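1. my questions are about this predicted structure, shown below with the sequence.
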Amino acid sequence: MSANSVIKPFDWTSIGRELEGNSAECTFWTGRDEQLCVQYFRPETDVFYPSHSHSEYTIVVCLAGEVSVKQLGREQTIGPGEALMGNLGVPHASTYRSQNGWPCEAVSISVDHRLMSALTTDFKLPSGDGTICPAFLGKVHGPILQNCAREIAQELRNVRQGHKIVIETQAIRLLIETIRLWSPADIESVSADLSPRLPRSEFVRAYEFMRWCRKESFRLQLLCRFLGSSEERFTRLFLASTDQTPANFYNRMLLDRASDLLASPSSSIKEIGFELGFKTSSHFIAAFRRMYGVSPQKYREQSRPGKNGIIKLPEMSSLIGKSRVSGNLTRHVRP
């Protein structure tokens with residue numbers, strides 16, 4: 001890193017401590033052949049992931065709270081003991097939120113398409129010459145799924161001797177039992193898109209990094225250092241997954257957070273800009289106007305209770321804004 005690129009407000013040492021700390025809200029484990037990646041997720045606040053896609057299948061088992069996924073024109077919400085699946089190459093948006101006072105808690109398994117292809121014959125799943133693949137819609141439930149997920153969560157939290165073998169065994173069983181439970185009526189054939197994309201684990205960790213960073217501290221170089229990736233590789237795969245550059249994606253997240261804060265009169269526009277890390281209020285106002293075509297003051301006026309014609313901001317849900325900047329970053333358990 002050159003002298004000109006050092007960012008003083010960004011304390012890299014503190015990030016390292018958070019990564020190793022037990023307070024991390026998100027923990028990953030990756031198998032030796034990298035065909036399975038397991039995640040335990042217990043966010044402190046509701047989290048919304050905007051539309052993105054992966055070159056993997058992802059099984060999500062809800063243990064507490066609820067999880068919703070929008071894909072292929074359908075939305076599915078699951079509660080404790082239920083599972084849904086994110087599909088290979090299919091754009092989807094997902095929300096993890098508390099329910100009835102319980103924070104969301106979930107276990108997910110990302111499955112490489114090669115491993116899923118190996119199961120197509122035994123389970124009579126759609127397959128062919130590589131141009132089509134199965135898409136799993138709807139949801140399934142069963143005590144065995146919940147038991148496998150809880151065992152995985154416990155092993156990831158405690159990291160006892162032999163935890164790697166237990167995690168891999170339970171993950172494989174969870175994969176098999178999930179497919180066994182899936183109704184054939186909820187399995188469709190879709191075009192197989194095997195274009196390289198950002199792995200789900202890296203997308204989630206990048207998203208956490210972006211949630212953590214103030215505007216003044218965000219740099220692609222530091223994000224890629226955090227992930228252990230080159231800037232060229234990360235940018236290419238992130239763009240393939242989200243149709244946005246990392247900088248545009250981050251700015252959209254930050255300004256959606258701003259829209260959430262503007263709905264409350266408790267802070268001035270100058271204070272909101274400072275909280276988000278903008279160097280000056282004019283910089284904040286210009287960025288907000290550039291993204292949404294309206295000034296922060298105009299948005300605030302139109303958002304007041306009882307006011308007609310409330311401005312609707314494009315695409316990214318303000319649920320992103322409700323995911324406050326947090327120091328709880330990912331702990332990644334190596335195979």
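-> Arrived safely.

2. middle-most residue in this protein, spatially?
-> Geometric centre of the chain, nearest residue: Val204, 4.1 Å, by CA atoms, centre = their mean.

3. any idea how far that one lies from Cys37?
-> In this view, Val204 and Cys37 are 10 Å apart by CB to CB, to the nearest Å. No exception for glycine: its C-beta is placed from N, CA and C like everyone else's.

4. re earlier: quick check: the gap between the nearest residue to the residue nearest to the centre of the chain once chain neighbours are set aside and Trp212.
-> Leaving aside its chain neighbours, Val204 sits nearest to Cys26 (6.4 Å; criterion: CB to CB, 6 or more residues apart in numbering). To Trp212, Cys26 is 12 Å away according to CB to CB.

5. which one's more surrounded, these two?
-> Cys26 (20 against 17; other CB atoms under 10 Å).

6. beta-bridge partners for the more buried one, please?
-> On the basis of DSSP bridges, Cys26 is bridged to Phe41.

7. wait, it touches Pro43, no?
-> Yes. The criterion here is CB atoms under 8 Å, and Cys26 meets it with Pro43 at 7.5 Å.

8. which residues of the protein fall in strands?
-> Per DSSP state E, the chain carries strands over the ranges 26-30, 36-41, 47-52, 56-64, 66-71, 74-78, 82-86, 92-97, 105-112, 132-136, 140-141, 187-191, 331-333.

9. to Gln154, which of those lies closest?
-> strand 36-41 (9.1 Å; CB to CB).

10. residues making contact with the closest one?
-> Here strand 36-41 makes contact (CB atoms under 8 Å, 6 or more residues apart in numbering) with 25-31, 56, 96, 104-112, 115, 152-153, 156-157, 167-168, 171-172, 175, 199-201, 204.

11. got a PyMOL select line for the buried ones in the residues you listed?
-> Applying 16 or more other CB atoms under 10 Å to these, the buried members can be selected in PyMOL as follows:
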select buried, resi 25+26+27+28+29+30+31+56+96+104+105+106+107+108+109+110+111+112+115+152+153+156+167+168+171+172+175+199+200+201+204
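
12. ok, Met291 to Glu275 distance?
-> Met291 is 17 Å from Glu275, by CB to CB.

13. looking at those two, which one has more neighbours?
-> Neighbours per residue (other CB under 10 Å) separate Met291 from Glu275, with Met291 holding more: 19 against 16.

14. overlap in contacts of Val204 and Cys37?
-> Common contacts of Val204 and Cys37 (CB under 8 Å, 6+ apart): Phe28.

15. by mean pLDDT, show me the worst of the strands of the chain.
-> Across the strands of the chain, strand 331-333 has the smallest mean pLDDT, namely a mean of 42.

16. what segments of the chain are helices?
-> In the chain, the helices defined using DSSP state H lie at 12-20, 113-118, 143-158, 163-181, 200-212, 220-227, 231-242, 246-262, 269-276, 281-292, 296-302, 319-322.

17. which of those helices sits closest to Gly79?
-> Distance to Gly79, taken as CB to CB, is lowest for helix 143-158 among the helices of the chain, at 10.8 Å.

18. what does the closest one contact?
-> Residues outside helix 143-158 that contact it (CB under 8 Å, 6+ apart): 27, 29, 38, 40, 61, 63, 80-83, 105-107, 163, 166-167, 170-171, 173-174, 177-178, 181, 333.

19. could you list the buried residues of that helix?
-> Within helix 143-158, the residues that count as buried by 16+ other CB under 10 Å are 144-149, 151-153, 155-156.

20. re the thing from before, tabulate the helices of the chain (a markdown table), appending distance to Asp193 and mean pLDDT.
-> Converted to a markdown table, these look like this (distance: least, CB to CB, whole Å; pLDDT from 0 to 100):
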| stretch | distance to Asp193 | mean pLDDT |
| --- | --- | --- |
| helix 12-20 | 32 | 44 |
| helix 113-118 | 10 | 88 |
| helix 143-158 | 27 | 94 |
| helix 163-181 | 21 | 95 |
| helix 200-212 | 15 | 90 |
| helix 220-227 | 23 | 92 |
| helix 231-242 | 10 | 97 |
| helix 246-262 | 20 | 87 |
| helix 269-276 | 35 | 84 |
| helix 281-292 | 29 | 85 |
| helix 296-302 | 37 | 84 |
| helix 319-322 | 26 | 35 |
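
21. between the ones you listed, which gets nearest to Val67?
-> Comparison of the helices of the chain against Val67 by CB to CB identifies helix 143-158 as nearest, at 11.9 Å.

22. return the alpha-carbon coordinates of that closest one using PDB.
-> C-alpha atoms of helix 143-158 as PDB (Å, rounded to 0.1, in the frame of the first residue of the first chain):
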ATOM      1  CA  PRO A 143     -37.500 -32.400  12.500                       C
ATOM      2  CA  ILE A 144     -34.500 -34.000  10.800                       C
ATOM      3  CA  LEU A 145     -33.600 -30.800   9.000                       C
ATOM      4  CA  GLN A 146     -33.800 -28.800  12.200                       C
ATOM      5  CA  ASN A 147     -31.700 -31.400  14.100                       C
ATOM      6  CA  CYS A 148     -29.000 -31.400  11.400                       C
ATOM      7  CA  ALA A 149     -28.900 -27.500  11.400                       C
ATOM      8  CA  ARG A 150     -28.800 -27.300  15.200                       C
ATOM      9  CA  GLU A 151     -25.900 -29.800  15.300                       C
ATOM     10  CA  ILE A 152     -24.000 -27.800  12.600                       C
ATOM     11  CA  ALA A 153     -24.600 -24.500  14.500                       C
ATOM     12  CA  GLN A 154     -23.400 -26.100  17.800                       C
ATOM     13  CA  GLU A 155     -20.200 -27.400  16.100                       C
ATOM     14  CA  LEU A 156     -19.500 -24.100  14.500                       C
ATOM     15  CA  ARG A 157     -19.900 -22.200  17.700                       C
ATOM     16  CA  ASN A 158     -17.900 -24.600  19.900                       C
END
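
23. that concludes my questions; thank you for your assistance.
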